[in-house]
Structures are given as structure tokens and as C-alpha cells.
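A.B. asks: predicted coordinates and the sequence they were generated for:
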Amino acid sequence: MKENIHPNYQPVVFQDLSSDFAFLTRSTMSSKETVKWEDGNEYPVIKLDISSHSHPFYTGKQKTLDVGGRVDKFRQRYGKK
């Protein structure tokens with residue numbers, strides 16, 4: 001193998017922001033933010049919007065969010081009168 005062409009493979013913490021779930025694994029991703037893990041060491045943290053801990057397919061729970069009343073606006077515009 002050629003030297004100095006492969007990315008740095010290091011321990012990284014992935015944190016799910018929607019469920020406050022985190023796990024430690026190895027990855028080539030890096031981050032300037034760090035977090036102190038359960039073993040007392042600091043690792044780079046990569047923040048995720050969704051993971052297997054919060055995904056509806058894995059949890060069996062559907063979450064529906066009505067941001068800004070989109071459903072109501074749709075029903076007013078296209079609903080039966």
C-alpha cells in the first residue's frame with residue numbers, strides 16, 4: 001500500500017440530535033467539536049439529524065410534524081367547500 005494517501009481512521013462519536021442518543025465507532029470523518037465520552041477520553045463528535053435510534057422504521061413509531069400549519073393551509077386551499 002502507498003503511504004500517506006489514506007484518510008485518518010479514528011474513533012468518532014456520532015450523536016443523534018432528535019433523541020439525544022450517541023455511539024462511539026471508528027470513521028474517517030472528522031470534526032472540530034469534541035465530546036468527553038464515558039471512558040474519560042475526548043473524541044470528535046459528528047451530529048446527526050436521524051439515526052437508527054430515532055428512525056420510524058426501526059422504532060415502529062411514526063412522527064408527523066406540522067410545521068407552520070402546512071396541512072391546514074393545504075386543506076384551506078384545496079379542500080372541499
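C.D. replies: Perfect, thanks for sending it.
A.B. asks: only C-alpha atoms for contact and neighbour calcs from this point on.
C.D. replies: Noted.
A.B. asks: next one: the residue nearest to the spatial centre of the chain, what pLDDT does it get?
C.D. replies: Central residue of the chain (Cα atoms, centre = their mean): residue 48, 1.8 Å from the mean position. pLDDT, the model's per-residue confidence, is 86 for residue 48.
A.B. asks: nearest residue to it other than its sequence neighbours?
C.D. replies: residue 16 (4.8 Å; Cα to Cα, 6 or more residues apart in numbering).
A.B. asks: does the one you found touch residue 45 like I think?
C.D. replies: No - using Cα atoms under 8 Å, residue 16 is not in contact with residue 45; the gap is 10.3 Å.
A.B. asks: quick one, which of the two is more surrounded?
C.D. replies: residue 45 (23 against 19; other Cα atoms under 10 Å).
A.B. asks: where's the nearest residue to that one once chain neighbours are set aside, which helix or strand?
C.D. replies: Nearest residue to residue 45 in three dimensions, chain neighbours excluded: residue 13, at 4.7 Å (Cα to Cα, 6+ apart). Secondary structure from DSSP states H and E places residue 13 in strand 10-16.
A.B. asks: all set now, cheers.
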